[in-house]
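> 3D, please:
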Amino acid sequence: AAQGQPAADLSSCSDGGSSGNQIPDVQGRPADVQMQDEASSGGGREAGSLQLQRLKVSRSSSISSSDRLLYQAVHLRITQVAGQGDMGAQAVSNTLWALAALSELGDPSPAPQLISLMLSCVEPQLLQLPPQGLSNLALGLAKLKFKPHARFSNKLLDACWQALDSFSPQALANTLWAVSRLQLQPPQAWVARCVQEVHAQLSSGAMRNALDVASVLWALAMLRVRPPLPVLELALGVLYE
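Residues are numbered from 1 along each chain as shown. Got it, this is the predicted structure:
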């Protein structure tokens, strides 16, 4: 939708995302998340563990030469493992999340070719990822400002659709935030079901974190969706309680 156009009630959008585009920065901040335990074996676990260790290192305002060497070694190892097709779905999710977190701390963002390589590993396994893994994957891509090609985006949306009933409030909020920031333009039915799940979690009291609620409202605004009044009332109740 063009800027300045009134928001529609769960308006649908066509899926025309381009391949591997880096997207411009936008405002909005998702809730912090925890990495999932690596369920796969072999080099994928090693690459994910390297990134987890790297994330725990105390960061300074400048990157030292030793940090740069470790950073390069980690990226080289990820490239080798992903290039061999040995990187499991959870390893990709965790590693992308870690790379995004490190970039926010000052490390250079990974090359688009490296991200594409990791996505080629996870694409056939998207339906095997648990809700938190799907959320972390989408969140990592959004923070890295890397928009996948349309085929991968559609598969990611489909995997989220199938697991939506099991999404935690934080995972749901972060996924909506990521989808809107990546400009994936999901179908109307997908957004409507997300809004229904948000309503259910707000009504039950499960979604009571103000940052989650703020992320949801921001995401819906970016998707140019006007949530129903009961959802807005419940959301404002969380924000101003």
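
> quick one: the helices in the chain, in order.
Counting by DSSP state H, the chain has helices at residues 43-56, 65-83, 89-104, 112-122, 131-143, 150-163, 169-181, 188-204, 210-222, 229-239.

> for those, give me JSON lines that also has mean pLDDT and mean neighbour count.
No exception for glycine: its C-beta is placed from N, CA and C like everyone else's. What follows is the helices of the chain, written out as JSON lines (pLDDT from 0 to 100; neighbours: other C-beta atoms under 10 Å):
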{"stretch": "helix 43-56", "mean pLDDT": "54", "mean neighbour count": "19"}
{"stretch": "helix 65-83", "mean pLDDT": "72", "mean neighbour count": "16"}
{"stretch": "helix 89-104", "mean pLDDT": "91", "mean neighbour count": "25"}
{"stretch": "helix 112-122", "mean pLDDT": "91", "mean neighbour count": "19"}
{"stretch": "helix 131-143", "mean pLDDT": "96", "mean neighbour count": "26"}
{"stretch": "helix 150-163", "mean pLDDT": "97", "mean neighbour count": "18"}
{"stretch": "helix 169-181", "mean pLDDT": "97", "mean neighbour count": "26"}
{"stretch": "helix 188-204", "mean pLDDT": "97", "mean neighbour count": "18"}
{"stretch": "helix 210-222", "mean pLDDT": "97", "mean neighbour count": "21"}
{"stretch": "helix 229-239", "mean pLDDT": "96", "mean neighbour count": "15"}
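
> pretty sure Leu144 contacts Ile115?
Yes. Under the criterion of C-beta atoms under 8 Å, Leu144 makes contact with Ile115 at 6.6 Å.

> and for the two, which residues touch both?
Leu96 (C-beta atoms under 8 Å, 6 or more residues apart in numbering).

> quick check: phi and psi at Pro148.
phi -70, psi 170 (degrees, to the nearest 10).

> sorry, that was for Pro227
Per degrees, to the nearest 10, the backbone of Pro227 is at phi -70, psi 160.
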